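A.B. asks: With the input below, show me the fold.
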Amino acid sequence: MIPYKTSVAVLLVSGALMGCVSQGEKPSGLLTEVENKMTLAEANEAQDYAPLAMKQAREHVAEAKRQVDEREFSHAEKKLEVALADLEYALAKTESQKKSNAADEVTKGLQTLQREIK
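C.D. replies: So this is what the prediction gives:
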């Protein structure tokens with residue numbers, strides 16, 4: 001029979017190890033990547049072209065930071081991945097809309113020139 005103290009010690013060590021395994025690692029690199037992408041999106045005026053995606057990204061980042069503070073690293077990583085997807089969408093939509101706007105301006109300019117030629 002295993003002595004009581006040994007059983008308790010084994011359970012405590014096992015529980016601690018399981019806690020570490022289930023927590024995962026702090027997603028510092030991913031957080032940095034998301035923050036850099038957020039800065040890029042803001043610099044490209046993504047808020048003007050994809051406001052919902054930017055809002056959702058900010059909410060996911062805030063939630064992920066809260067989860068990091070609570071040492072829920074695997075949950076935080078998932079939130080950061082969603083935030084990264086939101087930001088990539090916002091950047092793509094912004095780029096697409098800006099190109100569309102530029103094409104519209106070129107078309108208007110050509111139409112003006114055609115009217116002036118006639």
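A.B. asks: what about the spatially most central residue of the chain, helix or strand, and which?
C.D. replies: Centroid-nearest residue in the chain: Ala83, 2.1 Å away (criterion: C-alpha atoms, centre = their mean). Ala83 belongs to helix 73-117 when assigned by DSSP states H and E.
A.B. asks: as a whole number, average confidence for that helix?
C.D. replies: Taken as a whole, helix 73-117 carries a mean pLDDT of 94.
A.B. asks: Just checking the distance from that helix to the centre of its chain.
C.D. replies: 18 Å (C-alpha atoms, centre = their mean, to the nearest Å).
A.B. asks: now stretch 44-51
C.D. replies: Distance, centroid of stretch 44-51 to centroid of chain: 15 Å (C-alpha atoms, centre = their mean).
A.B. asks: Could you tell me the end-to-end distance of it?
C.D. replies: 12 Å (C-alpha to C-alpha, to the nearest Å).
A.B. asks: Which residues does it contact?
C.D. replies: With contacts defined as C-beta atoms under 8 Å, 6 or more residues apart in numbering, stretch 44-51 is touched by 41, 53-54, 87, 89-91, 93-95, 97-98. Any C-beta I mention is one placed from the backbone N, CA and C, and that applies to glycine too.
A.B. asks: can you pull the buried residues of it?
C.D. replies: 44, 46, 49-50 (16 or more other C-beta atoms under 10 Å).
A.B. asks: go on, stretch 37-46?
C.D. replies: 37-38, 41, 44, 46.
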